[in-house]
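Asks: Here's my sequence, what's the structure:
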Amino acid sequence: MTIHEKPAGSVLETVGKTPLVELAAGPLDVQIYAKLETFNPGGSVKDRIGKYMLEKLLERGEISPGGTVIEPTAGNTGIGLAIAANVLGLNAIFMVPEQFSREKHQLMRALGAEIISIPSDEGMKRAIERAHELASEMENAIVPQQFSNPLNAEAHYNTTGPEIYHALEGSVGALVLGCGTVGTLTGTARFMREKISDIYVAAVEPEGSVFGRLLGQDSEEAEYNIEGIGTHDTSNKELFETELVDEVIQVSDRNAHSEVKRLAEEEGHLTASSSGAASWAAIQTAHKIARGELEVPYNNVVTLFPDSGERYLSNNIYASYEEWVSDEE
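Replies: Numbers count the residues shown, from 1 in each chain. Got it, this is the predicted structure:
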């Protein structure tokens with residue numbers, strides 16, 4: 001578990017240094033490890049960028065104490081930003097598409113943030129537009145813009161990547177990470193590439209997402225229920241660096257949901273659909289390594305579980321596949 005030997009000065013000092021845990025699934029001769037980001041104070045990987053981005057924006061003078069952070073978000077980034085804003089003396093307003101989990105809405109409000117709901121049919125694109133419109137109408141307001149801000153990837157280059165590298169003493173064979181804003185993937189992969197040039201890097205997306213098109217892969221656009229990763233529009237995915245990624249692996253809703261249930265029932269991991277997709281892709285990658293179909297510098301695979309399944313209970317994440325899909329629809 002995360003170790004804190006001395007009292008922390010604030011909750012921000014508890015962000016990061018999350019545990020890397022070996023999974024029981026996969027072939028015997030290829031280890032699979034998952035970074036458990038639910039150990040962050042806000043319960044997700046997005047606490048890392050909430051802390052890092054706001055500290056840097058204040059340091060640069062792009063916003064000053066008392067100002068307002070306005071961000072389009074599905075929830076986890078909002079929670080991470082709200083925690084950091086509270087400690088750093090900032091206000092927070094979030095543009096949130098209505099279809100995302102109710103738990104996230106409640107947590108953002110509990111942290112003192114104002115929530116502006118965006119109709120589901122207008123989606124994240126409209127949320128982004130509305131955030132910038134509101135910021136232009138206010139003084140001392142800024143849109144950190146997780147989808148395009150290099151600070152997103154930089155946070156993971158400086159924290160997530162080094163943590164994984166040092167935990168495995170520099171022996172990382174494959175990195176398999178989900179991609180939504182792409183910051184976690186890009187920052188972590190960039191750090192790893194600099195340390196281990198022949199590491200294999202795969203991005204994970206739902207079937208129906210189109211990140212694969214950026215690598216020239218055939219990706220048929222369709223609806224999907226996996227939350228937190230994937231895209232229908234690559235035009236705002238400026239953080240995706242194609243030279244860092246060897247392959248984009250697509251995961252079906254059914255396989256992701258099946259893995260969510262397996263992780264809970266067999267290994268005690270309470271995860272959600274993006275973690276289920278990442279775990280499934282990591283297991284398939286491990287089997288390819290074991291069969292000699294994929295050459296890697298070390299016989300292991302590292303993935304990351306972004307958050308906890310408790311955040312999606314209202315979406316029937318642990319019910320049958322049919323109930324989960326029905327609820328999402």
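Asks: Just the pLDDT at the residue lying closest to residue 308 once chain neighbours are set aside, thanks.
Replies: Closest residue in space to residue 308, ignoring its immediate chain neighbours: residue 38 at 4.2 Å, by CB to CB, 6 or more residues apart in numbering. (Glycine included, C-beta is placed from N, CA and C.) At residue 38, the pLDDT value in this model is 97.
Asks: And for residue 100?
Replies: For residue 100, pLDDT reads 65.
Asks: So which bits of stretch 11-27 are buried?
Replies: Of the residues in stretch 11-27, 11-12, 14-16, 18-19, 23, 25-26 count as buried by neighbour count, 16 or more other CB atoms under 10 Å.
Asks: quick revisit: quick one: neighbours of the residue nearest to residue 308, just the number.
Replies: By the criterion of other CB atoms under 10 Å, residue 38 has 22 neighbours.
Asks: And the one 4 residues further on, by the same measure?
Replies: Each residue near residue 42 was counted by other CB under 10 Å, and the total is 28.
Asks: do residue 120 as well
Replies: 10.
Asks: That one: helix or strand, and which one exactly?
Replies: Under the criterion of DSSP states H and E, residue 120 resides outside all helices and strands.
Asks: and what of residue 177?
Replies: strand 174-178.
Asks: any idea how far the helix or strand just after that strand is from the chain center?
Replies: Remark: after strand 174-178, the chain's next helix or strand is helix 183-195, criterion DSSP H and E. Here the centre of mass of C-alpha atoms in helix 183-195, compared against the chain's by CA atoms, centre = their mean, to the nearest Å, lies 14 Å away.
Asks: Likewise for stretch 67-78?
Replies: 14 Å.
Asks: Does anything pack onto the strand holding residue 177? Which helices or strands?
Replies: helix 183-195, strand 200-206, helix 273-290, strand 300-305 (3 or more CB pairs under 8 Å, 6 or more residues apart in numbering; DSSP states H and E).
Asks: at 10 Å instead, please
Replies: Under the contact criterion of 3 or more CB pairs under 10 Å, 6 or more residues apart in numbering; DSSP states H and E, strand 174-178 touches strand 31-36, helix 160-167, helix 183-195, strand 200-206, strand 247-251, helix 273-290, strand 300-305.
Asks: Return the last one as PDB; C-alpha atoms alone will do.
Replies: Right, strand 300-305. This file holds the C-alpha atoms of strand 300-305, laid out as PDB (Å, rounded to 0.1, in the frame of the first residue of the first chain):
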ATOM      1  CA  ASN A 300       6.300  -8.300 -17.900                       C
ATOM      2  CA  VAL A 301       3.400  -6.000 -18.700                       C
ATOM      3  CA  VAL A 302       2.300  -2.900 -16.800                       C
ATOM      4  CA  THR A 303      -1.100  -1.400 -16.900                       C
ATOM      5  CA  LEU A 304      -3.000   1.100 -14.800                       C
ATOM      6  CA  PHE A 305      -6.400   1.100 -13.200                       C
END
